[in-house]
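Novice: sharing a sequence plus its predicted fold:
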Amino acid sequence: MAIADAFPDTAADAGARQDTLDTTPAIVRFTASPTTISAGQSSTLSWTVTDAAMLSLDQGVGSVLISVLGETSQVVTPTHTTTYTLTLNGSVSAQVTVTVEPLPSITSFSANPTMVSSGGSATLTALFSGGTGTVDQGIGTVTSGVGTNTGPISANFTTYTLTVTNVAGASTTAHVTVVTSGFVTFSSGRAQGVMSGLGWVALGALDSITDPTCGGTPITKAAPCLTSTSWNVTDALCITGTIPALPANPMQSDYDANLGLQIGVNINADDSQAIGQTFSTIAVVVSGSPTAGLRVDLHRQGDPGGTTYCAANTGAAMNLTSFNTKCWDGSGTAFTAADAPLIDRVGVQVPSTKAAVTVTNLCINSVTFGN
């Protein structure tokens, strides 16, 4: 009798051996989620295998865990489009590709013109790559290098935002602002819009300014700051200081010495040009303290420096013909419609009074000329 016959298999032993012979190592599933990412993002590789003795991933990942009953995963962060190969027992393999999209990039985003008449339009032009471009304010999808009309613009200023988004969801943005004719904003001490000059401050010999400074040095009547005013905010012209009280019965010399504090802006950078346009109203928006008792000053090109036309500031549109060289009693020379194109300087004055005045972060936020 053969030895094998001496120890016959039980039914259970035979079934177990047959199961072993019928089971073949296999990769049931190998996936990536997401399959498309942006540079710097990650994807998760997931797999399910059966009866595996050795499992590995290429692209520098190496040996990985085996899961027969469930799913196993590995997080990867490729820097470029990469195909991953999962190898089972050195031979059986499967592949999945993770596509790496470049981050979207905006080269330029501009408007032409940047100042329009109310109801006019501008052309927006964007240069970008790596995604689909859209612009807000109801414009929608735009094409790189192709101009897009804004449509009628009536607001004082409209900021358009370009967003470029790639297929992986990464995005980048750029902005451009279009202002309507006559509207003036400020950026780092310079006007933008119908005016483009530098901001300035002025005061009497007895008045004092603590902010702005002239590159760190206090500004005084004897030492005005002409080129390097250090403004405390970027989007307005702001001033802080004190004005002493006038005597009970002030003389002209008292007013000359105690002028009050002024903050203003020139039409252009070197104060050599007038506005050159016909407007009939002006509105100056201010904030800070005080906001009551302020005067708006206009200067005409060719007049002496101290000769200005003033009117009590209302914050709303004021007729230019309501300005007068002696606005406190109306006894001076009136401003005329023909004078409007000659305006070369606009300012706000906190006049001296018989009580001391503290000025705290008084700002010109915008100027609007209108018709």
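Specialist: Cool, got the structure.
Novice: and the gap between residue 279 and residue 258?
Specialist: Separation of residue 279 from residue 258 (CB to CB, to the nearest Å) stands at 33 Å. Glycine gets a C-beta too; all of them are placed from N, C-alpha and C.
Novice: and if you look at residue 371?
Specialist: 37 Å.
Novice: ditto for residue 252
Specialist: Taken as CB to CB, the span from residue 252 to residue 258 is 11 Å.
Novice: one more: residue 204?
Specialist: Computed as CB to CB, the residue 204 to residue 258 distance reads 5 Å.
Novice: which neighbours do these two share?
Specialist: Jointly contacting residue 204 and residue 258 under the rule CB atoms under 8 Å, 6 or more residues apart in numbering are residue 352.
Novice: show me the strands in the stretch 251-371 of the chain, by range?
Specialist: For the stretch 251-371 of the chain, the strands defined by DSSP state E, counting those that start in this stretch occupy 260-266, 281-289, 295-300, 309-312, 318-319, 343-351, 357-370.
Novice: for residue 114, which of the ones you listed is the nearest?
Specialist: For residue 114, the closest of these is strand 357-370, at 15.8 Å, according to CB to CB.
Novice: buried stuff in the closest one?
Specialist: 357, 359, 362-370 (16 or more other CB atoms under 10 Å).
Novice: repeat that for stretch 94-110.
Specialist: Neighbour-count burial for stretch 94-110 [16+ other CB under 10 Å]: 94, 96, 98-101, 103-104, 106, 109.
Novice: which pair of the residues you listed spans the longest distance?
Specialist: Spatial extent of the buried residues of stretch 94-110 (CB to CB) is set by the pair 94 and 109 at 44.7 Å.
Novice: got any ranges where the stretch 101-250 of the chain has weak pLDDT?
Specialist: Applying pLDDT under 70 to the stretch 101-250 of the chain flags no residue at all.
Novice: go with 90
Specialist: Residue ranges of the stretch 101-250 of the chain with pLDDT under 90: 101-103, 113-120, 153-157, 167-169, 177-183, 185, 192-194, 196, 225-228.
Novice: the helices in the chain, which residues?
Specialist: Along the chain, counting by DSSP state H, helices occupy 3-6, 11-22, 252-257.
Novice: least reliable of those going by mean pLDDT?
Specialist: Least confident of those, judged by mean pLDDT, is helix 3-6 with a mean of 41.
Novice: do you know how far residue 351 is from residue 309?
Specialist: From residue 351 across to residue 309, the span is 15 Å (CB to CB).
Novice: looking at those two, which is more packed in?
Specialist: residue 309 (25 against 18; other CB atoms under 10 Å).
Novice: isn't that one right next to residue 321, touching?
Specialist: No - Residue 309 lies out of contact with residue 321 (CB atoms under 8 Å); the separation is 10.0 Å.
Novice: overlap in contacts of the two?
Specialist: Here residue 309 and residue 321 have residue 335 as joint contacts, going by CB under 8 Å, 6+ apart.
Novice: with mean pLDDT and distance to residue 135 added, can I get the strands of the stretch 251-371 of the chain in a markdown table?
Specialist: Converted to a markdown table, the strands of the stretch 251-371 of the chain look like this (pLDDT from 0 to 100; distance: least, CB to CB, whole Å):
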| stretch | mean pLDDT | distance to residue 135 |
| --- | --- | --- |
| strand 260-266 | 96 | 31 |
| strand 281-289 | 96 | 28 |
| strand 295-300 | 97 | 36 |
| strand 309-312 | 98 | 40 |
| strand 318-319 | 96 | 36 |
| strand 343-351 | 97 | 33 |
| strand 357-370 | 95 | 24 |
